[in-house]
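Asks: Fold the stuff below for me.
(one chain, ligands or ions: 1)
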Amino acid sequence: MAEKAAKHTVTIGVALLAVIGSSVIGLGYYQYVFLPSAGGGEGGIPENVLNPSQNATIRLIAGSYFPSQADNYTPKNLTVTLGVNNKVVWAMEDTVPHTVTSVGKTADSKFDEAANSGNYLRQLGDRFVFTFTKQGVYNYYCVPHAAWMRGVVTVLPGSEQSGQQSSEHK
Ligand SMILES: [Cu+2]
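Replies: All right, here's what the predicted structure looks like:
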C-alpha cells in the first residue's frame, strides 16, 4: 500500500515538473522573441521626433457644425516635419461635439487607434494631441459632420538625427 502511494506521488511530481519546465521555456521564448522590439526605445525613434521642440495646432473653430463654415478644421491642410513640429494639437473652440477620426488606414496604425470614431472633442478647451512619428499623408474627418468636416496632416521626413553637432569643427 505504502509503495503504491509513493509511486503515485512520484508520478504527480514528474507531471508537475513537466508543467513548470514548459512554462519556464515559454517565458524564455517570450522574453527572447518579443521583448527586444519593445525595449528599443519606442522602436528606435529619435528623441527629437518623440519630443519635438514645437507643437502644431489645428483649431476646430466656432460654428464648425454648420456646413457653411468651410474652414472648420483650421488649417484644413497642415504640413509638419518630423523632429521639428510633429506634435499636433487639435483644439476645440466650438460648442457642438466633433471628432478627429482617421479616414481608413493611414501610414500609422497608432494614429488610426487614437483617432477612432469615438474620439470626441465635446466642449470648449478639449484637445486631442498626437505625436506623429512616421511620414505620410493622414486624412481625417469628423464623424457627425463627415460631409464637410475633413482635414489632412502631411508629415514630412526631417533631419532624423538630433545630432547637429559640428563634426567638421576644427
Ligand atoms: Cu464635427
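Asks: make it CA atoms for all contacts and neighbour counts henceforth
Replies: Will do.
Asks: Tell me what K87 is bridged to.
Replies: Bridge pairing for K87 (DSSP bridges) gives the partners N55, T131.
Asks: The one 5 residues further on too?
Replies: When bridges are taken as DSSP bridges, the partners of M92 come out as L60.
Asks: And it, what's its pLDDT?
Replies: Looking at M92, its pLDDT is 98.
Asks: Give the phi and psi angles for whatever residue of the chain ends up closest to the ion, as a check.
Replies: Closest to the ion within the chain is H98: 3.7 Å, counting by CA to the ion. Per-residue torsions, H98: phi -130, psi 170 (degrees, to the nearest 10).
Asks: do the same with P46
Replies: P46 adopts backbone torsions of phi -60, psi 150, taken as degrees, to the nearest 10.
Asks: related to what we said a few turns ago, check contacts around the residue of the chain closest to the ion.
Replies: 120-122, 142-145 (CA atoms under 8 Å, 6 or more residues apart in numbering).
Asks: which stretches of the protein have low pLDDT?
Replies: Scanning the chain for pLDDT under 70 picks out the ranges 1-42, 159-170.
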